[in-house]
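K.L.:
Need coordinates for the following:
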Amino acid sequence: MAFVLELHTSSSFVYLQNYVVNVLRKYEIAADVAYKDGKLIFTSLESHNLEQALDELNATLPASLFLKKIETNTIEANPTQLPTLDVKYPLSLGLCPSCQKEMLDVSSSRYYYPFTSCNSCGANHSFVQSYPYTRQNSSFKFLVPCQKCQTQQQTKGKKEQHHINSCHECGVPVRLTSKSSERYANDAGSFRTMFEVAAKAIADNKKLLVKTTMGYRVFYKVEQRVQDSLLMMINANTITENLSLITEEFQALLSIERPVLHVALKSETLKELYGLNTAYVKYPDDGFSILLCVELQKLGFEYIAYEEATEASQADLVMDYDLEVHPQTDMRYFLNKDTSFIASGERVSFPSTSLDVKNVVSIANGYVGMAYNNKMVFDKMQYFDGVDTPKVNVLEGDTTKYHSNQKYFLEDEASMMSVIAEHNLFGTKNIGVYFEEIVSFLYYDGKSIVRVVPPKPFQSQNLLENIASLREGSDRLVQNLQTQLPEVYARLKELEQKQNVKLFEAVAIVLGLDDISMRGVVMQAMRFVGKGGIQIDMKVKDNRFDNTAFLASIISYKLAGVSNEIIAYSLFESLGDYVYDIIQELQLKTKATQVVICGGDFANQSLFSRIQRNFKLNPPYMNKHYPIGKENCVVGGVYL
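P.N.:
Predicted structure coming up:
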């Protein structure tokens, strides 16, 4: 009899598979590995070694956003070979439990070494310069591994075939500089001292710029936070004292993927500091962030603020090193008690090899999709050389000439097609809705996608005049705005002189927000704690959403003294009803039974909760492995 270990996962990414394979290879356990129907299946012969391997997996297998449950059983089988690792492509992940333990073990050769990682974790993608993924094609190519690291790369276990393996003896020195001093770290003692000094500087209200393995970040006290900063929780034991989380959110924060989550604040101190009930939150992911936070925790910190930065960002101290780094953007993850999906970001989703080969190249937003190693690979263009292909599909707006046979595609159509491809909905009829600041409705007839209700771009020119002429009496609305809210009126007048203004910039200005963006409006909506909102005008003109009527309705409520929280919540609630009504009409006309939702702006709780309620009996299809936002366009571009 053979023992079967089943990992129920919604993802085909290889890092969980590699982690299990690492352990099986370490204990010389022959096994067959397969991914089928949402399960990673490991079949191995029962033995004393297997019991040891399972004990190690039980203690060290990383938690994952995509790992739903683990089951075991037995079958008749006779695997004869050791399973093989799949290390053709690197990912950017948090550190696995084994690597974190190694980095904090005083007897380890990687004690306080911030570049610690293995073949199943860490920011390995940050150091890639080109494919194929080897040490020579990474920024580690000038560092010769010591004998111990070389042996680990050739020995079965979590460092096997780890192309950028290094330690104190052969690794990367780091410097910490300020206006008056400079220090270097290249061994356990100097690294620990460096992180102690950095943490104490933050405690003394200094700002610290760190070139982490995930890119540049500026760290500082939450009291010094700016609009774009994120909240990094330091102590896992006090997370639920500061944040109001459901179980799934807590598990997601500590998962190997280390996503950014938009969650509710519980601490009154944090609410006062943020002036809001919610914040974008993350748990330490890479070696630099983890070690800094270990030292901050010793100083009594439970959380810290940080922001994504560049080498030129201003700070009192700078922690840097000489390796070239190309970081990926953070995964932002949407999660409630009923569903979850990737809202935006590159990490984990790219590079991707989940789809079958097609003889076409897709290019969108700096990404490329192309046939490579017998799969369609999707990643940044900079990592690939040219390829022979009969045609290239390019996102509209890209003016580069890539190929003599070059077709252009639209963002919303490509986004919908990426969902069709992931769920293999080819040949079926689907209604799609795409929301990135503006809404468009699409129809897939089983072969191609057409815009049935095209988006109506927002025009800021003559905005106030258009509102005044909207209907009888609208001129008084603008007059009252000028009289009662002169600052808002003045800001809207300024907006009329600008190009490429987004609708929700105008909404944020009407509400008088400091954060003039969709994010600012979403944060206001999250402050609403009532059971139902008010009706915002979702008038349709020429069969399309009327931006002017929408803004006029918001201005009316603002003048009537309705709070920002109610208006913001209500506009998303009304938008959810508008989407549902239009889709219902389109389904009647086309006989399509399935619905596809895409576009990054669906990733807000107020809107998506309404969508879930409206589509309770017919849940829509969404991306599984890719973000629902613009990053998915390169995938859909292959199939248009």
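K.L.:
Residue 403 and residue 362 touch, don't they?
P.N.:
No: with contact defined as C-beta atoms under 8 Å, residue 403 does not reach residue 362; the gap is 11.5 Å. (Glycine included, C-beta is placed from N, CA and C.)
K.L.:
which residues are common contacts for those two?
P.N.:
Listed contacts common to residue 403 and residue 362 are residue 392; contacts here mean C-beta atoms under 8 Å, 6 or more residues apart in numbering.
K.L.:
Which one's more surrounded, the two?
P.N.:
Shown here are residue 403 and residue 362; by other C-beta atoms under 10 Å, residue 362 has more neighbours (27 against 15).
K.L.:
List the contacts of that one.
P.N.:
368, 369, 370, 392, 393, 394, 634, 635, 636, 637, 638.
K.L.:
now it, what's its secondary structure?
P.N.:
Assigned by DSSP: H, G, I helix; E, B strand; the rest coil, the conformation of residue 362 is strand.
K.L.:
Mind checking which of the contacts of residue 362 land in strands?
P.N.:
368, 369, 370, 392, 393, 394 (DSSP state E).
K.L.:
show me where the stretch 51-200 of the chain has strands.
P.N.:
67-75, 174-178, 182-185 (DSSP state E, counting those that start in this stretch).
K.L.:
for these, which one ends up most surrounded?
P.N.:
Of all the strands of the stretch 51-200 of the chain, strand 174-178 has the most neighbours on average by mean count of other C-beta atoms under 10 Å, namely a mean of 18.
K.L.:
right, and residue 623 touches residue 598 too?
P.N.:
Yes: the criterion here is C-beta under 8 Å, and residue 623 meets it with residue 598 at 6.8 Å.
K.L.:
of the two, who's got more company?
P.N.:
residue 598 (31 against 25).
K.L.:
what's the weakest-modelled helix or strand in the protein?
P.N.:
Every helix and strand of the chain was ranked by mean pLDDT, DSSP states H and E. The lowest is strand 540-541, at a mean of 71.
K.L.:
Which residues does the next helix or strand after that one contact?
P.N.:
Per DSSP states H and E, strand 540-541 leads on to strand 544-545 as the next helix or strand towards the C-terminus. Strand 544-545 has contacts (C-beta under 8 Å, 6+ apart) with 438, 439, 453, 454, 455, 456, 538, 578.
K.L.:
among these, which are in strands?
P.N.:
Under the assignment DSSP E, these contribute 438, 439, 453 to strands.
K.L.:
so which of these comes closest to residue 528?
P.N.:
Checking the ones in strands among the contacts of strand 544-545 against residue 528 with C-beta to C-beta, the nearest one is residue 439 at 21.6 Å.
K.L.:
What count of nearby residues applies to the closest residue to that closest one other than its chain neighbours?
P.N.:
Closest residue in space to residue 439, ignoring its immediate chain neighbours: residue 545 at 5.6 Å, by C-beta to C-beta, 6 or more residues apart in numbering. Each residue near residue 545 was counted by other C-beta under 10 Å, and the total is 24.
K.L.:
what's the spacing between residue 545 and residue 562?
P.N.:
22 Å (C-beta to C-beta, to the nearest Å).
K.L.:
now swap in residue 513 and tell me
P.N.:
Distance, residue 513 to residue 562, using C-beta to C-beta: 15 Å.
K.L.:
Those two - which one has more neighbours?
P.N.:
Between residue 513 and residue 562, counting by other C-beta under 10 Å, residue 513 is the more crowded of the two (18 against 15).
K.L.:
Name all residues that make contact with the more buried one.
P.N.:
Residues in contact with residue 513 (C-beta under 8 Å, 6+ apart) are 520, 521, 524, 564.
K.L.:
Please flag which of the residues you listed sit within helices.
P.N.:
Within the contacts of residue 513, residues falling in helices by DSSP state H are 520, 521, 524, 564.
K.L.:
Could I get the pLDDT score of the third one?
P.N.:
Note on residue 524: pLDDT of 94.
K.L.:
How many residues are close by residue 205?
P.N.:
Applying other C-beta under 10 Å, we find 11 residues neighbouring residue 205.
K.L.:
so it touches residue 317, yeah?
P.N.:
No: assessed by C-beta under 8 Å, residue 205 is found out of contact with residue 317, at 11.9 Å.
K.L.:
Common neighbours of those two, please.
P.N.:
Going by C-beta under 8 Å, 6+ apart, no residue sits against residue 205 while also sitting against residue 317.
K.L.:
Dump stretch 444-451 to CSV, keeping only the CA atoms.
P.N.:
Extracted C-alpha coordinates of stretch 444-451, given in CSV (Å, rounded to 0.1, in the frame of the first residue of the first chain):
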residue,chain,number,x,y,z
TYR,A,444,-18.3,36.9,-25.0
ASP,A,445,-20.2,34.8,-27.6
GLY,A,446,-17.9,31.7,-27.2
LYS,A,447,-15.4,33.0,-29.8
SER,A,448,-14.7,36.7,-29.3
ILE,A,449,-15.5,39.6,-27.0
VAL,A,450,-17.4,42.8,-27.9
ARG,A,451,-18.1,45.9,-25.9
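K.L.:
Can you work out which residues contact both of residue 623 and residue 598?
P.N.:
In contact with both residue 623 and residue 598: 418, 419, 632, using C-beta under 8 Å, 6+ apart.
K.L.:
which other helices and strands contact the helix or strand the first one falls within?
P.N.:
Okay, so that is residue 418. For residue 418, the host element (DSSP H and E) is helix 411-422. With contacts taken as 3 or more C-beta pairs under 8 Å, 6 or more residues apart in numbering; DSSP states H and E, helix 411-422 sits against strand 352-355, strand 430-436, strand 438-444, strand 449-453, strand 594-598, helix 633-636.
K.L.:
now the angle from that helix to strand 449-453?
P.N.:
130 degrees (axes from the mean of the first three to the mean of the last three C-alpha atoms, to 10 degrees).
K.L.:
Tell me which residues are up against helix 411-422.
P.N.:
Helix 411-422 is contacted from outside by 354-355, 364, 395-396, 425-426, 430, 432, 434, 436, 440, 442, 444, 449, 451, 455, 596-599, 621-626, 628-630, 632-640, using C-beta under 8 Å, 6+ apart.
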